[in-house]
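Student: dropping the sequence and predicted coords here.
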Amino acid sequence: MSPSNEVIDVVRLDVFRYDASRDEPPRFQTYELAAAGSTSVLEMLLKLQDEQDPSLAFRYACRGAVCGSCAMSINGRLNLACRVLLKNLDTDRLVIEPLPRLEIIKDLVVDMAPFWEKYERIRPWLHAQIDDARESRVSQRQRERIDRYVHCILCGLCYGACPMMSRNESFTGPAALAKLYRFAADSRENGRRETLVQEDAHEGVWGCRTITRCIRVCPKNVRPTDAIEGVRRKLLTQRIQDAFRRTPHED
Amino acid sequence: MIRHDVLVVGGGLAGLRAAIGLAERWDVAVISKVHPVRSHSVAAQGGINAAIGNAPEGRDDTPEQHALETVKGSDYLADQSAVATMCRLAPETIYELEHWGAPFSRFADGTIAQRPFGGAGFPRTCYAADRTGHVLLHTLYEQTVKRGIKVYDDCAVVKIAVDEGRYQGLVVYDLKRGRLEAAASRFCVLATGGYGRIYRNSTNALINTGSGVGAALLAGAAVKDLEFVQFHPTTQFGTNILITEGARGEGGVLLNAAGRRFMERYAPGLMELAPRDIVARAIQTEINEGRGFGGGYVHLDLRHLGKRKIVKRLPGIREICIDFGGIDPVDEPIPVQPGQHYSMGGIDCDATGRTAVENLYAAGECACVSVHGANRLGGNSLLETVVFGRLVAEAIDARRDDPPPEPSESVVRENLAEVTGRLDRLAGRNGVAHHEIRERLRDLLTEKVGIFRTASALAEAAAEIRALRDRYPAVSLRTPLGPFQFEILHVLELESLLYLGEITARGALARRESRGSHYRVDHVERNDRGWLKHTVARLDGGEIALRYADVDVGLYEPKQRSY
């Protein structure tokens, strides 16, 4: 348990390097570093930045897997760099690459703008206007229903992992659709119809082929595929209700 | 040049709440060195205090009781009318957050759930499992998006431009574009968070460098009470990741290596739910006197709560233990040690956020009103961010009919040129590596300005930090200006860290008493006659000058503090 009596390994890291502001092709740069088993990949990168290469770029903030800054690819697996510990990898050779399916700005830093645009597309806020003097009542069961989706930290790992993102660039993607369901399934919500209908499209919920890679990479066990299924169910219910509500002369 | 009426620096809870309050009537923008949802507010776990009386045992709770306990928890250093305001506004603040969509945990009757927290006589802490900061930050960011508030993310403020005591604008390192930008506005709200990362053993995010507090100090604002540093009793052994006080609120107990519930020796009344300063000292005493586990930790035992309760109420803690500690708290006790957690001190401001620099405001952890005094109660920091974010917005709004004149763009440009010149002078030089100075600073504060303090250790720390500051101009900058050159940011921030570290050590050395989190082994008693006052520091020709200011004690008479 004590970090001081841990075995120190020499780790070899091949890190993706690229600067979009320069006219140079991308390359891998190899570094060597001594690290104990409890060292996270983020800590290794920080050590490299301090001691070996100050130009090495990557995003970070909390180092505790709650802020969602350090999504990247580590030996081909997408994860948050802060929660991958050396001792949990079965190797001391690491290949570190940026999160796929987003433009690279520098090294491991990608341009998250498309991710945020899609997040904003679903109008991610509670649309209901609540004017009660106190809190609105929500049963524990109702709160439970959105719990999984509330946990999303918007790290973008699912966005990077989703194979449909590369086939269909305008696909809203797993994180934003999970957020949509988080609101659609909120017992306090109303007036969600418009954004639900907007996602009733090939670019929306029907763009998902249930490959479930988003579920496998999610560090918070959000299960975006389930949320997408949930939105689909809501849309079908809405269609059925609409069909019955329709007056005869409209047919 | 970036131009707005109001620039809010920092996209955490305080900053976003201020921006939301201003958005309707002002052209406001948020500048943040990370995307808002990455801000450190996201890491807050246990909850937010408000006397809304939802728990059966809390029916008699009142804002007055909340205020009284906050003042007592602060060891009487908090300004009492500001505390009263905060506690009075707490209930409506919670309802507003709830109406905006914040998914609080619920009691069986559908009301917001509340749990017991340290130093509180009633279960007063509203929560969303152990992810309260996360849900509140996401809710406020959602409201920011709803209002179309402009956010400049990946943009770090490196200097505040001031002309004759009046705020004019900011010099910003735009990390994405890889260049320095000038930004001018009539008002500025600093909401840049704490400076915990002047310590090594901190729960804080790595980005909590105190750059905003440092920039304000260098721009002529005063800082207050920096020697009051909160050490959280329970941080994960080794990583110092926070293990929420909510774990004890839910019934977790602290055990030493002999398996004894040692809090009965230190706070027989409140036991594990005594205020943080007291529990942290108790744990450190157990460790120092050889009753801890090898390496220096004690156990936080949750096993008796059962898997169901742990999974429901403390899922994030379980995740942290599994991800970073390799243990499941359902089956094993959690190894914990105290660690730096919260900066009670900060930019000196009044209850409307006003600082010594005209039109420059501060809110949240970077500010020091002071509502936490010498020791903050758990659950009061989230409350402070949202309440004072709102109050700063209202204070600026109140100046709508009489706004300050347009800022001087030329002054801001001169400041930008000064930073460019500084970077040019540092560039390519083969000097001292910035991280060597930073790491030494962190060692000094951790080892000599910690939970237990002595005059000799504090004097050594202050002197050596001063010497580090002398070495700062020789620091080397190896990378040219460009996109995401973090070395530039780290080098510029280091100056702030050094000033804040030195003021912390000097304030602690000067204060010959023990109060709240500040514990002097050589002066163990609180001394109200000599030291019931705030430490205020300013720069005078680049040198630190300390003076003292009165505490507002209008409501509650200072008393002996026992739990």
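Tutor: Thanks, I have the structure now.

Student: kindly report the residues of the stretch 401-550 of chain B close to chain A.
Tutor: Within the stretch 401-550 of chain B, the residues that sit near chain A (CB under 8 Å from any CB of the partner chain) are B:433, B:435, B:478, B:479, B:482, B:483, B:484, B:485, B:486, B:487. C-beta coordinates here come from the backbone N, C-alpha and C atoms, glycine included.

Student: let's see it at 6 Å
Tutor: Counting by CB under 6 Å from any CB of the partner chain, the stretch 401-550 of chain B comes close to chain A at B:435, B:478, B:479, B:483, B:484, B:487.

Student: give me every residue that touches the first one.
Tutor: By CB atoms under 6 Å, 6 or more residues apart in numbering or on different chains, the contact list for residue B:435 reads residue A:50.

Student: check which helix or strand covers the residue of the stretch 151-251 of chain A at minimum distance from chain B.
Tutor: For the stretch 151-251 of chain A and chain B, the shortest gap (CB to the nearest CB) falls at residue A:154, measuring 5.6 Å. Using DSSP states H and E, residue A:154 sits in no helix or strand.

Student: now it: how far from residue A:74?
Tutor: From residue A:154 over to residue A:74 the distance is 20 Å, taken as CB to CB, to the nearest Å.

Student: next one: residue A:118
Tutor: Noted for residue A:118: a distance of 25 Å to residue A:74, by CB to CB.

Student: compare those two (neighbour count), which wins?
Tutor: residue A:118 (22 against 17; other CB atoms under 10 Å in any protein chain shown).

Student: helix/strand/coil for residue B:400?
Tutor: On the three-state scheme (DSSP: H, G, I helix; E, B strand; the rest coil), residue B:400 is labelled coil.

Student: ditto for residue B:341
Tutor: The three-state label given to residue B:341 by three-state DSSP is strand.

Student: next, count neighbours for it.
Tutor: A count of nearby residues for residue B:341, using other CB under 10 Å, gives 28.

Student: can you check residue A:242 too?
Tutor: By other CB under 10 Å, neighbour count at residue A:242 equals 9.

Student: so when I look at it, I'm seeing a helix, right?
Tutor: Yes - assessed by three-state DSSP, residue A:242 belongs to a helix.

Student: for it, which residues are in contact?
Tutor: Contacts for residue A:242 (CB under 6 Å, 6+ apart) come out as none.

Student: now it: how far from residue A:196?
Tutor: For residue A:242, the distance to residue A:196 equals 12 Å [CB to CB].

Student: what of residue B:93?
Tutor: Relative to residue A:196, residue B:93 is positioned 31 Å away (CB to CB).

Student: for the closest residue to residue B:346 other than its chain neighbours, grab phi and psi.
Tutor: Distances taken as CB to CB, 6 or more residues apart in numbering or on different chains place residue B:368 nearest to residue B:346, at 3.8 Å, with adjacent residues excluded. Backbone geometry at residue B:368, expressed as degrees, to the nearest 10, gives phi -140, psi 100.

Student: give me the domain ranges for chain A.
Tutor: Structurally, chain A divides into domains by automatic domain parsing as follows: A:3-110, A:113-245.

Student: can you redo those as CSV with mean pLDDT?
Tutor: Listed next are the domains of chain A as CSV, based on pLDDT from 0 to 100:
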stretch, mean pLDDT
domain A:3-110, 95
domain A:113-245, 96
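
Student: tell me which of these sits nearest to residue B:41.
Tutor: domain A:3-110 (9.8 Å; CB to CB).

Student: which bits of the stretch 101-250 of chain B sit near chain A?
Tutor: For the stretch 101-250 of chain B, the residues in contact with chain A (CB under 6 Å from any CB) are B:101, B:103, B:106, B:110, B:112, B:142, B:145-146, B:178, B:205-207, B:238, B:241.
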